[in-house]
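K.L.:
Predicted coordinates and the sequence they were generated for:
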Amino acid sequence: MSENKEESKGAKCSKKFLLIIVVALVLAVGAGVGGFLLGSSGGDEKAAGEAAGSAEASQDQGTIGPLVGLDDFIVNLLDEQETRYLKSAITLELSGPLVGEEVQNRMPQIRDAILLLIGSKTFGELYDLQGKLQLRAELVSRINDLLKAGKVKKLYFTEFVIQ
């Protein structure tokens, strides 16, 4: 009797093991076929696009666009409990030389956009790195909204003091 039970347990274990192997083989074959189909139907285009994008990104990182320094800013911050101000110097890296002329022509608009944006911030929003990075991104976006001939690639705070 006990030998029959052991034999039936052994048969159940081998059936489970066989079932696991069959499921694993089906999944492996399915993954292989799916990978082949994805690779043959646009994989080359995707790879070419990625290569072009990385080449463009490395070209952007390797070259420095024209730089335009802005006059210093002293702006009152929006804090209600204390009088705080930010003194900042900003340099813009542009996408091309033609943008430099447009930046000079639009300098009053650009300075106005910067002053209004910084003046709407509190000390709590600007004192840490995350706040400065957020401000940088917002400034680039606002300035790029004003420009038509190109864009600001990067914005550098060359001075940043809050008191």
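P.N.:
Received the coordinates, thanks.

K.L.:
Hmm, Glu159 is touching Leu86, no?
P.N.:
No - with contacts counted by C-beta atoms under 8 Å, Glu159 stays clear of Leu86, the gap being 9.9 Å. Quick note: C-beta positions are derived from backbone N, CA and C, even for glycine.

K.L.:
the more surrounded of the two?
P.N.:
Neighbours were counted for Glu159 and for Leu86 using other C-beta atoms under 10 Å; Leu86 has more, 20 against 13.

K.L.:
any weak-confidence spans in this structure?
P.N.:
1-13, 17-61 (pLDDT under 70).

K.L.:
Show me where it has its strands.
P.N.:
Here the chain has its strands, by DSSP state E, at 67-69, 73-76, 85-94, 152-162.

K.L.:
what helices or strands is the second one leaning on?
P.N.:
Contact here means 3 or more C-beta pairs under 8 Å, 6 or more residues apart in numbering; DSSP states H and E; on that basis strand 73-76 packs against strand 85-94, helix 107-119.

K.L.:
Single out the most deeply packed of the ones you listed.
P.N.:
The highest mean neighbour count among these, using mean count of other C-beta atoms under 10 Å, belongs to strand 85-94: a mean of 19.

K.L.:
May I have the strands that pair with that one, each with its orientation?
P.N.:
Here strand 85-94 has these sheet partners by DSSP bridges: strand 67-69 (antiparallel), strand 73-76 (antiparallel), strand 152-162 (antiparallel).

K.L.:
what would those look like in a markdown table with distance to Leu135?
P.N.:
Shown next, in a markdown table, are the strands paired with strand 85-94 (distance: least, C-beta to C-beta, whole Å):
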| stretch | distance to Leu135 |
| --- | --- |
| strand 67-69 | 18 |
| strand 73-76 | 11 |
| strand 152-162 | 8 |
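
K.L.:
picking that back up, would you turn the strands of the chain into a markdown table with distance to Pro108?
P.N.:
Converted to a markdown table, the strands of the chain look like this (distance: least, C-beta to C-beta, whole Å):
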| stretch | distance to Pro108 |
| --- | --- |
| strand 67-69 | 14 |
| strand 73-76 | 13 |
| strand 85-94 | 15 |
| strand 152-162 | 16 |
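
K.L.:
Understood, closing this out.
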